[in-house]
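> Following is a predicted model, sequence given first.
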There are 2 protein chains.
Amino acid sequence: MSPTGSRVRDAAIELFAERGFHGTGIRDLAERAGLSSATLYHYMGTKEDLLVSIMTTSLGRLLTAGERLTADGDPLARITALVELHVLTHAVRRLETRVVDDEMRSLSPDHRATVVALRDRYEHLWQDAIDTGCATGAFHVRAPRVARLALLEMCGGIARWYTPDGPIPLEQLALRYAEMALGVLGAAGPPPELAVDSVRRTMALVDEIWLPD
Amino acid sequence: MSPTGSRVRDAAIELFAERGFHGTGIRDLAERAGLSSATLYHYMGTKEDLLVSIMTTSLGRLLTAGERLTADGDPLARITALVELHVLTHAVRRLETRVVDDEMRSLSPDHRATVVALRDRYEHLWQDAIDTGCATGAFHVRAPRVARLALLEMCGGIARWYTPDGPIPLEQLALRYAEMALGVLGAAGPPPELAVDSVRRTMALVDEIWLPD
DNA sequence: GGTTCCCGATCGATCGATCGATCGGGCATG
DNA sequence: CATGCCCGATCGATCGATCGATCGGGAACC
C-alpha cells in the first residue's frame, strides 16, 4: 500500500476505535490523515469499504497466526498459544482489534457475512482445542461452548484497558492470562519455564505477522 | 415515568444496542416509539440526555444490587454472588447492559465522568472481594487487578451472545460462570447444593430490582 | 502528454433540534 | 349544568449544520 494509503488506514483505525464508525465523519478522517475529504476517495472506496478492509486484514492475520500456532501440539499447548496470541494482539494492536470486535454491527449484511465467516474460522480453532482437551481429560469443563465464549471475551477485553505504560510488562500479562485461562478450563498449568518459552514463541510470531506494515 | 416515556426509553435501548448511539437517528427513535420526531422532545431532553439516563439507571441498579450482595459473607461468597449478578443482569437485560458497556465513548466528558464514577464504585466491590480473598488465602492470583478486569469482561461478554432460546437454562449458565470465575481465581468451589442456593438468591434479587418497569 | 496525486466547490440527503399551531380533556367559575 | 380557560400532548414544517460522495480541473512527475 502507498504511504498515503497507510496514513488513511491508520487514521481510520484511530478514529473508528475512538469514536466508532458512525461517530467518525469523512472530514474527521481527512483531517487526521492530512488530506482533503475529496482526496480521501482517491485512496479508498466508500467509508464502509475502508472498515471492511481494516477488519478483514486484521482478522486474516489473526487467523493465519492461529492456524500456525495450532498446527501441532496437545490441547493444553494449543489453547495456551491461542490465549497468548489473542492477548498479545489485542494489546499491541489495541485499536484495530477494538474496531474488529465492536463495529460488526456497522457492516451491511453481505459484508458482515464475510467478516463473520473469518471470525468463525478463527473461533473454531479455539473450540477444537477445547473439545479435544475435554475428550482427552486434560480439561474439565461442563459447557465447552460457553467456555470458548467466556475465554474469548476475557482475553479480548484487554483491548479495552491495556496501555504500554502499565505496571506489568506485556510478557507477564500474557502469562497471567494463560494461567487464568487454564483455571477456567480446570487444567493444571505447565512448569513456569515452559510457559515462558511458549509466550516468547508466540510474541515472535506476532511480531512477524503484524510488524510488516 | 409516563407510559409514553417508557416507550421512548425502550425504543432507545433497542436501537442504541442494535445500531449504536451515533447509528440511531432521532427519526428512527420516533418511528420505533410510534411518535413524531417533534413529540419525542416532549419526553426527553437531548438525545445524549436520553443515553445518560439509560446508563445511570442501569448502572445504579447494578451498584445497588452489588452492594446488597456483598454486605456480608466471605470473599468466596461475595465474588460468587457478583459473578452471578453480572451474568444474570447481562443476560436478562442484555440490551441496556450492552448500551452501558459499549456507548461510554459517545458521552461528552462531563457526562462520561458521572457514569465512570458509578462504574468505578461497582468495580470496587469486585476488587475488594478479590483482594480480601487473596489476603485470606482463599484465592491464588498473581495480579489481582488484572483478574478483576478479566472477570468483568468474561462475565459481561454474555450480553454479546446470550439468547433465551439457547440449550442451557440461565440458572445453569450462571453456575458455569461461577465455576469458571473461581477457576480464574485459583479457588476451590463450594459444594454443588450451596452453589445452587446462591444462584437462586441472586436471581431473586435481580428480579426484585429489575422487574418493576 | 499521459498518469498520478490532490483539492475547492458542490451535490442531494440526512442530521439533531425547534417552531407555531392544533387538539382534547380536566377544572374552576358562574 | 354550562361556559370559558388552561395545559399536556401531538404534529407538520422547517431550521442551520453536517453527512457521504462526486465533479472538473490544477499541479507534479515520468
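Great, that's in hand. Given the structure is predicted, the values throughout are model-derived calculations rather than measurements.
> Output the set of residues of chain A in proximity to chain B.
Contact residues, chain A versus chain B (Cβ under 8 Å from any Cβ of the partner chain): A:18-23, A:102, A:105-106, A:142-143, A:146-147, A:149-158, A:160-161, A:168, A:172-173, A:176-177, A:179-180, A:183-186. Every C-beta, even on glycine, is put in place using the N, C-alpha and C of the backbone.
> List the buried residues in the least confident helix or strand in chain A by mean pLDDT.
When the helices and strands of chain A are scored by mean pLDDT, DSSP states H and E, helix A:37-43 comes last with a mean of 88. Neighbour counts over helix A:37-43 (16 or more other Cβ atoms under 10 Å in any protein chain shown) mark A:Leu40, A:Tyr43 as buried.
> quick revisit: now the buried members of the residues of chain A next to chain B.
Among the residues of chain A next to chain B, the ones that count as buried by 16+ other Cβ under 10 Å are A:20-23, A:102, A:105-106, A:143, A:146-147, A:149-158, A:160, A:173, A:176-177, A:179-180, A:183-186.
> need the contact list for A:Ala188.
A:Leu182 (Cβ atoms under 8 Å, 6 or more residues apart in numbering or on different chains).
> Just the pLDDT at it, thanks.
The model reports A:Ala188 with a pLDDT of 83.
> same check, this time on A:Ile130
Looking at A:Ile130, its pLDDT is 98.
> what separates it from chain B, distance-wise?
Note on A:Ile130: its distance to chain B, by Cβ to the nearest Cβ, to the nearest Å, is 12 Å.
> Tell me the helix or strand right after the helix or strand that contains A:Ala178.
A:Ala178 is part of helix A:170-184, with elements assigned from DSSP states H and E. Next along the chain after helix A:170-184, taking DSSP H and E as the criterion, comes helix A:192-210.
> Going by neighbour count, which residues in stretch A:52-59 are buried?
For stretch A:52-59, a neighbour-count test (16+ other Cβ under 10 Å) marks A:Val52, A:Ile54, A:Met55, A:Thr56, A:Ser58, A:Leu59 as buried.
> Now, the buried ones among the residues of chain A next to chain B that are in strands?
Per DSSP state E, strands hold no members of those.
> how many other residues sit next to the closest residue to A:Leu82 other than its chain neighbours?
Spatial nearest neighbour of A:Leu82, excluding adjacent residues (Cβ to Cβ, 6 or more residues apart in numbering or on different chains): A:Trp126 at 5.7 Å. By other Cβ atoms under 10 Å in any protein chain shown, 23 other residues sit near A:Trp126.
> Show me which residues of chain A sit near DNA strand D.
Within reach of DNA strand D by Cβ under 7 Å from any atom of the strand, chain A has these residues: A:His22, A:Thr24, A:Gly25, A:Ile26, A:Arg27, A:Asp28, A:Ser37, A:Ala38, A:Tyr41, A:Thr46, A:Lys47, A:Glu48.
> quick one: which two of those residues are the most distant?
Across the residues of chain A next to DNA strand D, the longest distance by Cβ to Cβ is 21.4 Å; it joins A:His22 and A:Ala38.
> could you check the angle helix B:170-184 makes with the helix holding A:Ala178?
Counting by axes from the mean of the first three to the mean of the last three Cα atoms, to 10 degrees, helix A:170-184 lies at 130 degrees to helix B:170-184.
> what packs against helix A:170-184?
Here helix A:170-184 touches helix A:75-92, helix A:144-156, helix A:192-210, helix B:144-156, helix B:170-184, going by 3 or more Cβ pairs under 8 Å, 6 or more residues apart in numbering or on different chains; DSSP states H and E.
> now those helices as TSV including mean pLDDT and distance to B:Pro3?
Shown next, in TSV, are the helices and strands packed on helix A:170-184 (pLDDT from 0 to 100; distance: least, Cβ to Cβ, whole Å):
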stretch	mean pLDDT	distance to B:Pro3
helix A:75-92	98	44
helix A:144-156	98	36
helix A:192-210	94	53
helix B:144-156	98	31
helix B:170-184	97	28
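> can you tell me which of those helices comes nearest to B:Ser198?
Evaluated with Cβ to Cβ, the helices and strands packed on helix A:170-184 place helix B:170-184 nearest to B:Ser198, the distance being 7.5 Å.
> Pull the residues that contact the closest one.
A:142-143, A:146-147, A:150, A:154, A:180, A:183-186, B:76, B:79-80, B:83-84, B:87-88, B:91-92, B:141, B:147, B:150-151, B:154-155, B:158, B:162, B:164, B:166, B:168, B:188-189, B:195-196, B:198-200, B:202-203.
> Need the nearest residue in space to A:Leu69, chain neighbours excluded.
Nearest residue to A:Leu69 in three dimensions, chain neighbours excluded: A:Ala81, at 4.1 Å (Cβ to Cβ, 6+ apart).
> Let me know whether the one you found touches A:Ala71 as I believe.
No: look at A:Ala81 against A:Ala71 with Cβ atoms under 8 Å: they stay out of range, at 10.1 Å.
> These two: which has the busier surroundings?
Using other Cβ under 10 Å, the more surrounded residue of A:Ala81 and A:Ala71 is A:Ala81, with 24 against 8.
> who's in contact with that one?
A:Leu69, A:Thr70, A:Gly73, A:Ser198, A:Arg201, A:Thr202.
> Break chain A into its domains for me.
Segmentation of chain A into domains, based on automatic domain parsing, reads A:1-44, A:46-210.
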